[in-house]
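# Structure for the following, please:
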Amino acid sequence: MDFETVIGLEVHAQLLTETKIFCSCSTKFGGAPNSHTCPVCLGMPGVLPVLNRKVVEYAIKMALATNCRINKSCSYARKNYFYPDLPKGYQISQYAYPLAEHGYVLLDVDGEQKKIGLTRIHMEEDAGKLMHDEHNPVSYVDLNRTGVPLIEIVSEPDMRTPAEASDYLKRLHEILVYLEICDGNMEEGSFRCDANVSIRPKGQKEFGTRTELKNMNSFRNVQRALEYEIKRQQYIVEHGGAIVQETRLWDDAQGVTNSMRSKEEAHDYRYFPDPDLVPVIVDDEWVEKIRRELPELPLVKRERFVNDYQIPAYDAGVLTADKALAHYYEEVVRLCLSPKAASNWVMGDVLKFLNEEKRDIRNCPITAVALAEMIKLIEDGTISGKMAKEIVEDMYKTGKAPQDVIAEKGMVQITDEGALGAVIQKIIDASPNQIKDYRGGKDKLFGFFVGQVMKATQGKANPQLVNELLKKMLAG
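Purely as a prediction, here's the structure:
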């Protein structure tokens, strides 16, 4: 039987505010357990939440960037469930009246654009964190994260492959980081995802029974977990079984999903309006003010790079995947006026060095100014491309300007025709047999003479000039 996969993602993004959503406690990661807490986020009797305005502004930014309809009024609800990391016994979230709805994100799928719908974007508070002791049958509760502001971005079930889901997740991540409203750190939990996945026979309109996948902390693990779960569901159906609606955890070490609990429905949480928080009124003036503050978004920047710099779409995709990298590239181009050369060096050597050391472009030892200067030295013939490979590595290790590295290593390219002609003449005089064979029709020996010249000049000869002079002098 041929099956079609149906995937929807629920993404939680922690907002980059300094304080929590309903109190003034710090949102900083890594504090001592329970040190960033107060009576409000601990759920003490008699306390009242006060909404952080910055949270709403950041959520509106994401709604605008993903083409959502922003509701004029939204309100908070209590999502009731009991768990040790939830001190109030409920989570303040949004349910019936979310901030934004009916948006979309565009993906490139097989060379065509595909629209992935967004059901809603709503604001909510995070829960705490349980830490389990491997040596004792106890768990510890750290409530520092309780009350940290989140937006939840709920997609429509529009994705059909794990690769599409991974691409969609990367696109959301890009937008959030470009907007500077989320740091996107998956390891620290500030960008995390739950996936709903089901299968159905091809051609069937009704959805199959879905399972929810949790505990996926990287783009790769999201794709791996979905691939495993699809195969698991297909095996069950093909062997006459039925899929159970449940929540399953991804085990990265084993590469499998394991049953966690039955999947809750909305009515299980007994949502009701939060009586301590008034509705949030979002007027047109506020929305337009935020719209004017939006930066150039990744997709628009990508298209501009292709059009303005005449670089391939692939290059533009790599260079705009990170806002700081895109800025670095544009600065190099502004200084050297060679977009494709800049693209090659940034995507090649610079990113290779950074990836090897897991460093960010913001901490790159090679400044945009230095890289642009090196590119200009190649283009004016001062150094060859081969020399530049060695020079750029030294620049990365030392942080020095290309001129300093060249001076220290004596790597200036030989471009003097007289000096190169003398070197070539010596090689011709010392190679009578090769000269005879070359002039007798063995054209491949040209490479031998090029190699001899480069060897004699320690690689400093201008390759183009070497070729020109050799052709003239070998012709007799």
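
# Going by C-alpha atoms from here, please, whenever you check contacts or count neighbours.
Noted.

# So what's the residue count around Cys68?
Per other CA atoms under 10 Å, the neighbour tally for Cys68 reads 22.

# same question for the helix or strand that contains Leu107, mean pLDDT?
Element membership of Leu107 [criterion: DSSP states H and E] is strand 100-109. Mean pLDDT, strand 100-109: 95.

# following that strand, which helix or strand shows up next?
strand 112-125.

# Just the CA atoms of that next one, as PDB, please.
Coordinates of the C-alpha atoms in strand 112-125 are reproduced here as PDB (Å, rounded to 0.1, in the frame of the first residue of the first chain):
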ATOM      1  CA  GLU A 112       8.900  25.400  -6.700                       C
ATOM      2  CA  GLN A 113       7.600  27.500  -3.800                       C
ATOM      3  CA  LYS A 114       5.300  25.700  -1.400                       C
ATOM      4  CA  LYS A 115       3.200  27.500   1.100                       C
ATOM      5  CA  ILE A 116       3.100  26.100   4.600                       C
ATOM      6  CA  GLY A 117       0.100  27.500   6.500                       C
ATOM      7  CA  LEU A 118       0.200  28.800  10.000                       C
ATOM      8  CA  THR A 119      -2.800  28.100  12.100                       C
ATOM      9  CA  ARG A 120      -1.900  30.500  14.900                       C
ATOM     10  CA  ILE A 121       0.800  32.300  16.900                       C
ATOM     11  CA  HIS A 122       0.100  32.800  20.500                       C
ATOM     12  CA  MET A 123       1.900  34.000  23.700                       C
ATOM     13  CA  GLU A 124       2.400  31.900  26.800                       C
ATOM     14  CA  GLU A 125       4.600  31.300  29.800                       C
END
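
# Report the distance from that strand to the chain centre.
18 Å (CA atoms, centre = their mean, to the nearest Å).

# re earlier: report the distance from the strand holding Leu107 to the chain centre.
17 Å.

# In the stretch 1-150 of the chain, mark out all the helices, start to finish.
53-65 (DSSP state H, counting those that start in this stretch).

# again but with the stretch 151-300 of the chain, I slipped
With DSSP H, counting those that start in this stretch as the criterion, the stretch 151-300 of the chain has helices at 162-179, 219-238, 284-292, 298-309.

# Between these, which one is closest to Ser139.
The closest of the helices of the stretch 151-300 of the chain to Ser139 is helix 219-238. By CA to CA, the value is 25.8 Å.

# Against which helices or strands is the closest one packed?
helix 162-179, strand 191-201, strand 211-216, strand 256-262 (3 or more CA pairs under 8 Å, 6 or more residues apart in numbering; DSSP states H and E).

# circling back: give me the angle between the strand holding Leu107 and helix 53-65.
Strand 100-109 runs at 50 degrees relative to helix 53-65, counting by axes from the mean of the first three to the mean of the last three CA atoms, to 10 degrees.

# buried stuff in strand 100-109?
Using 16 or more other CA atoms under 10 Å as the test for burial, strand 100-109 gives Ala100, Glu101, His102, Gly103, Tyr104, Val105, Leu106, Leu107.

# so who does the last one touch?
By that I understand Leu107. For Leu107, the contact set (CA atoms under 8 Å, 6 or more residues apart in numbering) comprises Gln113, Lys114, Lys115, Ile116, Glu164, Asp167, Tyr168, Arg171.

# Determine which stretch of the helices of the stretch 151-300 of the chain is the most buried.
Comparing these by mean neighbour count (mean count of other CA atoms under 10 Å), helix 162-179 ranks first with a mean of 20.

# For that one, give me every contacting residue.
Here helix 162-179 makes contact (CA under 8 Å, 6+ apart) with 7-9, 61-62, 65, 105, 107, 109, 116, 159, 182-184, 191, 219-220, 222-224, 226-227, 294-295, 297-298, 321-323.

# same check, this time on stretch 428-437
By CA under 8 Å, 6+ apart, the list of residues contacting stretch 428-437 reads Leu445, Leu474.

# In it, which residues are buried?
Ile428, Gln434, Ile435.

# From the chain's centroid, how far away is it?
57 Å.

# Give me the average confidence score over that stretch.
Stretch 428-437 carries an average pLDDT of 87.

# likewise stretch 363-371?
97.

# Quick check: beta-bridge partners of the residue lying closest to Ser190 once chain neighbours are set aside?
The shortest distance from Ser190 to any non-neighbouring residue, by CA to CA, 6 or more residues apart in numbering, is to Gln14 (4.7 Å). With DSSP bridges applied, Gln14 shows beta-bridge pairing to Leu150.

# Next one: Gln14 relative to Glu125, how far apart?
From Gln14 over to Glu125 the distance is 9 Å, taken as CA to CA, to the nearest Å.

# With Val466 instead?
68 Å.
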